[in-house]
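**Student:** give me a model of this one.
(chains A and B)
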Amino acid sequence: MSVDMAVDVGELNLRGPVVAASGTFGYGTEVPLLERRALGAIVSKGIFLRPRIGNPPPRIVETPSGMLNAIGLQGPGVEALIRDYCPQWAAWDFPVLVNINGESAVEYGELAARLDGVPGVAGFEINVSCPNVEQGGMYFGNDPRAAAEVTAAVRRRTRLPIWVKLTPMVSDIAVIARACESAGADGLSAVNTFVGMSIDLHTYRPRLAFRTGGLSGPAIRPMAVHLAHQAARAVRIPVIGVGGIVSADDALEFLVAGCAAVQVGTATFADPRAIARVHDGIAAHLEARGLSSLAELPRYLPRD
Amino acid sequence: MLELTAIVAEVRHPTAHYRVIGFHAPAIAEPVRAGQFVNVLLRPGPLLRRPFSVYSAVGGVVEIIYRPVGEGTALLADLKEGDRVSLLGPLGRPFEFHPDWDSVALVSGGLGVAPMLLAARDARDAGLRVTWVHGARTVTELSPESAGDRSVIATDDGSAGHHGSAVAAVPDGVGGVLACGPNRMLAAVAARWPDAQVAVETYMGCGTGVCLGCAVPLRAGGYDRACKEGPVYRAADVDWEALPSHLHYAAGA
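**Tutor:** Presented below is the predicted three-dimensional model:
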C-alpha cells in the first residue's frame, strides 16, 4: 500500500492513526495474534501507584451493541509495571503511553514522576474519566478546575507527551477540553465510557456487582463522534477519537470529524485483529479516493 | 491459540434438552485438552464472542454442547451444515491428571457435562479408571451421552438414578475428582474434596486474558481470570461465597 498513514499527534510521530485503547489491550503483551505493523501506539491498562484488586464479579454484562464493564482498575501497581512491562516496551517500534490514575492530583503527579525517564514509557494518558472506582476517577473529569489541577500536577513532573482522557458525562465537553489544554495537555482522548446500568429480572438487582458500569461499543459511537468533534472544535491540541469503533468507516467518521487519530477498544475483544483491520481499511479508503496520505483526508471542523 | 474460520460439520439434537454442534477445525481439535474452551463469534450476532467448553474432538471436528437460553445460543441453533463461524481456541487451562491417581471421578451437573467426554478420553489416555457421575434436575434434563468404566446417575427429583445431587452420589474411594456444573454445585464439591479440580462458569469478555471481565475471587485474596488461569481451579482455592452462583444470559438484540 503506497498511502502515507503517518500522523503527528503533538510531538509523538505515529506510523498510523490507530491506537489501542486503554483497558482493552492489557500491557500490550497479552493480546493474541498481535499485528504490530498496524499499531500507531498503545495505551496501557490504567495503573495506580499501588496494586489494586479491582471490583467483585460480575464485572461485565453485554447490552445491545455494547457492553457494560466495572473492572475497577485492577492492576499490579507502578513498580510491577516498571519491572515487568516497561523493559519489553523499550524494545518495541511504536510508542506506549501509560494510562495513569490517582485518588488525588498529587498521586497523578507522583505516578508521572516515577515513570518519567523509564525506558519504554513514551507518554501518559491521564484518566480523569473512569466511572468504576470509588475515589477519584470520573470526579476529576467532571469539573474543569479539578481536571486542570490534575493535568497541571502531571505537567509539572514530566516533559513527555500528556493526553487527557475525557469523560462524556459532562454538560459541556468543550469547557473541560479547554481547561486541560490550558493546564498543559498535549492531546485529548475523547471519550471514555458512558455510565450505564442493567437490571437482572431474575434477581431484581443490578447485573453488575458494582451496580453501574461504563458502556462501550458501537452503542455509543454516534455520541462519541459528536463529543470528539465538540472537543476538537474547542482546542488547538490534537484530539484522539474513541468510542465504539469496529470498522475503518467508523474510524474515518472520527477522523473527518476533526480527530488526529483514533483508539480502538472493545472491538478487539471480539476480533483480536480489529486494529489491523481498521488500519488497512483506512488505507484502502484513502487509496480508493485517490489520496496519497492520511493528511489529505477532508475534515469537517468549523472552529468555535 | 488460533483464530480461524470453521465450517459447521454437523448439528445434532441428542435430546430435546441439549444440542450439539460440530465445527471442522483440525488445528484446534488436535491440541485441545479437557476443560479448555473455544470462543465463538457469530456474525450477524452479538458484540462479544460466546465461550463454550469443548465437548469432543474427533476427526478434526470440535464439538460444543449447549442449550438455547439466550441470544447467542439461539443464533447457534440456527446454524446449518456448511455455515461458517470464527473460532478462537483452544483457550484456558485444562484439567490435570496426577501420576499418583489410579482412578478419577468425573462429576457433572446439567450442562456441566460439557468438558467430561474429553476428560474421559484424557483420563483413559493417562491410564486411569473412570467413574462417570452425572446429575440433573429431572430425567429429561440428563445428558444423552456418557463415558467411563462405570456410570452413576442422579436427579434432584428422583425421576432417575439416585435421588439427590450428583455430588452426593459419588461413591467413596475414587482417586481424583474433576467437576463441572453450576457454581453452587462446585462449592459442594469443594466442601467434600478440597483438592478436586473444578471448571467454573463466569461471564467472559475477550476470553484471552485482556479485559479482566471474568474475575474469579480467590480464597487467598484478589481475583484472577477464568479465561487464562482458569477455567479449571483447585476447588478449595476459589472463594465460592463471592463467585456469582447464577448467570443469566439475556443480552438482547
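**Student:** pull out the buried residues from the strand with the most length in chain B.
**Tutor:** As assigned by DSSP state E, the longest strand anywhere in chain B is strand B:2-12. Within strand B:2-12, the residues scored as buried using 16 or more other C-beta atoms under 10 Å in any protein chain shown are B:E3, B:A6, B:V8, B:A9, B:V11. Using the backbone N, CA and C atoms, a C-beta is placed for each residue, glycine as well.
**Student:** where's that strand relative to the chain centroid, distance-wise?
**Tutor:** Relative to the centre of its chain, strand B:2-12 is centred 18 Å away, using C-alpha atoms, centre = their mean, to the nearest Å.
**Student:** other SSEs contacting the very next helix or strand once past that strand?
**Tutor:** Beyond strand B:2-12 on the C-terminal side, the first helix or strand identified by DSSP states H and E is strand B:19-24. Contact here means 3 or more C-beta pairs under 8 Å, 6 or more residues apart in numbering or on different chains; DSSP states H and E; on that basis strand B:19-24 packs against strand B:2-12, strand B:61-66, helix B:71-78.
**Student:** if you set the cut-off to 10 Å instead, what comes out?
**Tutor:** Contact analysis of strand B:19-24 by 3 or more C-beta pairs under 10 Å, 6 or more residues apart in numbering or on different chains; DSSP states H and E lists strand B:2-12, strand B:37-41, strand B:56-58, strand B:61-66, helix B:71-78, strand B:84-91 as its packing neighbours.
**Student:** same for the lowest-mean-pLDDT helix or strand in chain A, what does it pack against?
**Tutor:** Among the helical and strand segments of chain A, the one scoring lowest on mean pLDDT, DSSP states H and E is helix A:138-142, with a mean of 84. Using 3+ C-beta pairs under 10 Å, 6+ apart as the contact test, the elements touching helix A:138-142 are strand A:123-127, helix A:144-155, strand A:162-166, helix A:173-182.
**Student:** could you work out the end-to-end span of stretch A:205-225 for me?
**Tutor:** Terminal residues of stretch A:205-225 lie 32 Å apart, using C-alpha to C-alpha, to the nearest Å.
**Student:** could you do stretch B:36-53 as well?
**Tutor:** 6 Å.
**Student:** what distance do you get for the spatially most central residue of chain A to A:V98?
**Tutor:** Central residue of chain A (C-alpha atoms, centre = their mean): A:A21, 4.5 Å from the mean position. Remark: distance between A:A21 and A:V98 (C-beta to C-beta, to the nearest Å) = 13 Å.
**Student:** again with B:T138
**Tutor:** 54 Å.
**Student:** same question for A:R52.
**Tutor:** Distance from A:R52 to A:V98, counting by C-beta to C-beta: 15 Å.
**Student:** buried residues in the lowest-mean-pLDDT helix or strand in chain B?
**Tutor:** Between all helices and strands in chain B, the lowest mean by mean pLDDT, DSSP H and E belongs to helix B:71-78, at a mean of 88. By 16+ other C-beta under 10 Å, the buried positions in helix B:71-78 come out as B:E71, B:G72, B:T73, B:L75, B:L76.
**Student:** which of those residues are close to chain A?
**Tutor:** Counting by C-beta under 10 Å from any C-beta of the partner chain, B:E71, B:G72 from the buried residues of helix B:71-78 sit close to chain A.
**Student:** who's in contact with residue 171?
**Tutor:** You didn't pick a chain, so chain A it is. Contacts for A:S171 (C-beta atoms under 10 Å, 6 or more residues apart in numbering or on different chains) come out as A:N142.
**Student:** correction: the question concerned chain B.
**Tutor:** B:A105, B:T131, B:V133, B:R150, B:V152.
**Student:** list buried residues within these.
**Tutor:** For the contacts of B:P171, buried by 16+ other C-beta under 10 Å: B:A105, B:T131, B:V133, B:V152.
**Student:** which pair in those residues spans the largest distance?
**Tutor:** Largest separation among those by C-beta to C-beta: B:A105 and B:V152, giving 8.7 Å.
**Student:** spit out the residues that contact the two alike.
**Tutor:** Contacts common to B:A105 and B:V152, judged by C-beta under 10 Å, 6+ apart, are B:T131, B:W132, B:V133, B:A166, B:V170, B:P171.
**Student:** which non-adjacent residue is nearest the second one?
**Tutor:** Using C-beta to C-beta, 6 or more residues apart in numbering or on different chains and skipping residues adjacent in sequence, the residue nearest B:W132 is B:G148, 3.3 Å away.
**Student:** from chain A, how far off is the one you found?
**Tutor:** According to C-beta to the nearest C-beta, to the nearest Å, B:G148 stands 33 Å off from chain A.
**Student:** which residues sit in contact with that residue?
**Tutor:** For B:G148, counting by C-beta under 10 Å, 6+ apart, the contacting residues are B:103-106, B:116-117, B:119-120, B:123-124, B:129-134.
**Student:** what about the nearest residue to A:D200 once chain neighbours are set aside, neighbour count?
**Tutor:** For A:D200, ignoring the flanking residues on the chain, the nearest one in space by C-beta to C-beta, 6+ apart is A:R207 at 4.7 Å. Counted with other C-beta atoms under 10 Å in any protein chain shown, residues neighbouring A:R207 total 25.
**Student:** is the residue nearest to A:R156 when sequence neighbours are not counted in a helix, a strand, or coil?
**Tutor:** Distance criterion C-beta to C-beta, 6+ apart; nearest residue to A:R156, sequence neighbours excluded, is A:G109 at 6.4 Å. Following DSSP: H, G, I helix; E, B strand; the rest coil, we place A:G109 in the helix state.
**Student:** what sits against the nearest residue to A:L115 once chain neighbours are set aside?
**Tutor:** Counting by C-beta to C-beta, 6+ apart, A:L115 lies nearest to A:V121, which is 4.9 Å off, once chain neighbours are set aside. Contact analysis of A:V121 by C-beta under 10 Å, 6+ apart lists A:44, A:81-82, A:85-86, A:89-90, A:95-98, A:112, A:114-115, A:158, A:160.
**Student:** for those, which one is nearest chain B?
**Tutor:** A:S44 (11.6 Å; C-beta to the nearest C-beta).
**Student:** pLDDT value on the residue lying farthest from the centre of chain A, please?
**Tutor:** In chain A, the residue that sits farthest from the middle, by C-alpha atoms, centre = their mean, is A:H202; the gap is 34.7 Å. You'll see A:H202 listed with a pLDDT of 88.
**Student:** ok and the residue in the stretch 51-200 of chain B nearest chain A?
**Tutor:** Nearest residue of the stretch 51-200 of chain B to chain A: B:L88, at 7.3 Å (C-beta to the nearest C-beta).
**Student:** who does that residue bridge with?
**Tutor:** In this entry, B:L88 is beta-bridged to B:E3, B:N39, by DSSP bridges.
**Student:** how far away is it from B:C211?
**Tutor:** 13 Å.
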